[in-house]
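Trainee: Structure, please.
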Amino acid sequence: MNNLANNGIRVMLVGPYPPPFGGISSLIVSLLEGFQTEDVDKAVVVYFDNKNSIEIMDRAIIYRLSVKKHAIQKILSPINWLLLPKLILTYRSKGLSLKDHIRNFIQISLLLEVAKKERINVASFFQSDCSMPLLFLKKWWKDKVGIALTVFGEIYDLNQYMMQRKKLFLEMIVSSDIVLSSSCHCALAYSQIGNTREIEVVYVGVSLDRFDSPDLRKNFRDEFGVDDGETAILFMGRFESEMGLDSIFNIASKIIAVNPKVKFIMAGASGALTSQALDLESKYPQHFIVRNNIPFSEQPAYYIGSDIVLAPTVDQHACMGVTIKEAMAASKPVIGSDSGGIPEAIIDHETGIIVPLLDNGKNNEILFHDAILTLANDSILQNKLGKTARFRAEELFSDKVTVQKYQDAFYKTLDD
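Mentor: Below you'll find the predicted structure:
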């Protein structure tokens, strides 16, 4: 064991933060919360933003760093010029553009600065296409700092980009001390770039206690005007087509026409479909509620106050989806597509309903329409599936299990 491990873990998490920027940021939040009670001496988050700031959050230190604002300083610094020979050797013939090289150079110099200042001994990168500095840093630090990489569905989101640079991404996987993924589906996907290394699957867990507050239900439903006899149908996620939200828009009016006692609650990060959602809210004010960028602390009330949760993700990029597990923790049935790793979470007709995608990767809107009406019209089935979903969340998706597995993985990176 590297002797640094004997001094405890001082980890730098590099990835998107904070919520509502998707499942990765939610994972980082849960890790930070869990590390407060575990054997982690220091937790630092670095994410590249359009502004610069340092925030102390409990025991975590959050660095927001702007590549653009640091560009001139880092490029003109003679100390950083010492990085150039190894940087050129590391990334030559890897298919990177000049812009890629410049951004990579600045990010590397910033990460080195933070790691030195905070005496980091483990660097954990999330999402391979955002983790290019990893390859250089592994060679620079050698065995002084352990490297962990967590991969998700980027092989699907950016397939052409990654296939053109598969030599780079494959070397990143091989060079990391440990590689993790949040589903079997996404772990296996990297065979597309020639990976034969085993990728350890660690499901992204959620706080079961956070979603176990039944008293939130009445206040939420009172606030949004949901009567006892009405069914609240929740979408929680980014307002983008890849999340399948447009499919729900297409069938919402038909569902309302058949069952006027349903209310659609659309919540999550704003995106390209926000204006379309607001149009529906204006057209159906009694049946459509839109809330963008809600505070992280308010999310549990949305799940607890709802009756059904939708996960209509399209194509195959979804590793699994934090929304699904949050819904299950709140004892809610999920109607989801069979995109990516979603079927690893939902057991069809036991914890929710799986709707197979069409051959073109889009949602089968007819089957989604029917599934929503089936559950909306049957409160007994809702409760039955919801209870089973909670049991499954307790077995597989506890954040405590996730935190422990990540901590174990960080110690493994320190092994000689």
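Trainee: From start to finish, how long is stretch 120-137 in a straight line?
Mentor: Using Cα to Cα, to the nearest Å, the end-to-end distance of stretch 120-137 comes to 12 Å.
Trainee: Any buried residues in it, and which?
Mentor: For stretch 120-137, the buried set under the neighbour-count rule, 16 or more other Cβ atoms under 10 Å, comprises 120-137. Using the backbone N, CA and C atoms, a C-beta is placed for each residue, glycine as well.
Trainee: and residue 54, what helix or strand is that in?
Mentor: Assigned by DSSP states H and E, residue 54 belongs to strand 53-57.
Trainee: Could you list every helix and strand that the helix or strand just after that strand packs against?
Mentor: Using DSSP H and E, the helix or strand that follows strand 53-57 in sequence is strand 60-66. Identification of packing neighbours for strand 60-66 by 3 or more Cβ pairs under 8 Å, 6 or more residues apart in numbering; DSSP states H and E yields strand 40-49, strand 53-57, helix 98-118.
Trainee: Reformat those as TSV; add distance to residue 318 and mean neighbour count.
Mentor: Shown next, in TSV, are these (distance: least, Cβ to Cβ, whole Å; neighbours: other Cβ atoms under 10 Å):
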stretch	distance to residue 318	mean neighbour count
strand 40-49	22	21
strand 53-57	29	11
helix 98-118	27	18
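Trainee: Mean pLDDT and distance to residue 169 for these - can I get that in a markdown table?
Mentor: Converted to a markdown table, the helices and strands packed on strand 60-66 look like this (pLDDT from 0 to 100; distance: least, Cβ to Cβ, whole Å):
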| stretch | mean pLDDT | distance to residue 169 |
| --- | --- | --- |
| strand 40-49 | 92 | 19 |
| strand 53-57 | 89 | 30 |
| helix 98-118 | 95 | 13 |
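Trainee: To residue 256, which of the ones you listed lies closest?
Mentor: Each of those has some distance to residue 256 by Cβ to Cβ; the shortest is strand 40-49, at 39.9 Å.
Trainee: how far does the closest one sit from the chain's center?
Mentor: Counting by Cα atoms, centre = their mean, to the nearest Å, strand 40-49 is centred 16 Å from the centre of its parent chain.
Trainee: which stretches of the stretch 201-350 of the chain form helices?
Mentor: All helices of the stretch 201-350 of the chain, identified by DSSP state H, counting those that start in this stretch, fall at 216-223, 245-258, 274-283, 299-305, 322-329, 342-345.
Trainee: looking at these, which is buried most?
Mentor: Counting by mean count of other Cβ atoms under 10 Å, helix 322-329 has the highest mean neighbour count of the helices of the stretch 201-350 of the chain, with a mean of 28.
Trainee: for that one, the distance to its chain's centre please.
Mentor: Distance, stretch centre to chain centre, for helix 322-329: 12 Å (Cα atoms, centre = their mean).
Trainee: Pull it out as CSV, backbone CA atoms only.
Mentor: Only the C-alpha atoms of helix 322-329 are listed here, as CSV (Å, rounded to 0.1, in the frame of the first residue of the first chain):
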residue,chain,number,x,y,z
VAL,A,322,-30.8,9.1,-10.7
THR,A,323,-34.4,10.2,-11.1
ILE,A,324,-35.5,6.5,-11.2
LYS,A,325,-33.7,5.6,-8.0
GLU,A,326,-35.0,8.8,-6.2
ALA,A,327,-38.5,7.8,-7.2
MET,A,328,-38.0,4.3,-6.0
ALA,A,329,-36.6,5.6,-2.7
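Trainee: Please work out which residues outside it touch it.
Mentor: 23, 26-27, 203-208, 210-212, 234, 236-237, 299-300, 303, 309, 311, 333-334, 336, 342, 345-346, 351-352, 389-390, 392-393, 397 (Cβ atoms under 8 Å, 6 or more residues apart in numbering).
Trainee: quick one on the thing from earlier: elements contacting the strand holding residue 54?
Mentor: On a contact count with 3+ Cβ pairs under 8 Å, 6+ apart, strand 53-57 meets strand 60-66.
Trainee: Name whatever forms a beta bridge with residue 398.
Mentor: Beta bridges link residue 398 to residue 206, judged by DSSP bridges.
Trainee: pretty sure it is touching residue 205, no?
Mentor: Yes. In this structure, residue 398 is within contact of residue 205 by Cβ atoms under 8 Å, at 5.1 Å.
Trainee: Among those two, which residue is more densely surrounded?
Mentor: More crowded of residue 398 and residue 205, by other Cβ atoms under 10 Å: residue 205, with 26 against 19.
Trainee: what separates residue 56 from residue 74, distance-wise?
Mentor: Remark: distance between residue 56 and residue 74 (Cβ to Cβ, to the nearest Å) = 24 Å.
Trainee: One more: residue 406?
Mentor: Computed as Cβ to Cβ, the residue 406 to residue 74 distance reads 30 Å.
Trainee: Between those two, which has more neighbouring residues?
Mentor: Looking at residue 406 and residue 74 with other Cβ under 10 Å, you find the greater number of neighbours at residue 406, namely 27 against 19.
Trainee: Spatially nearest residue to that one, not counting backbone neighbours?
Mentor: residue 31 (5.9 Å; Cβ to Cβ, 6 or more residues apart in numbering).
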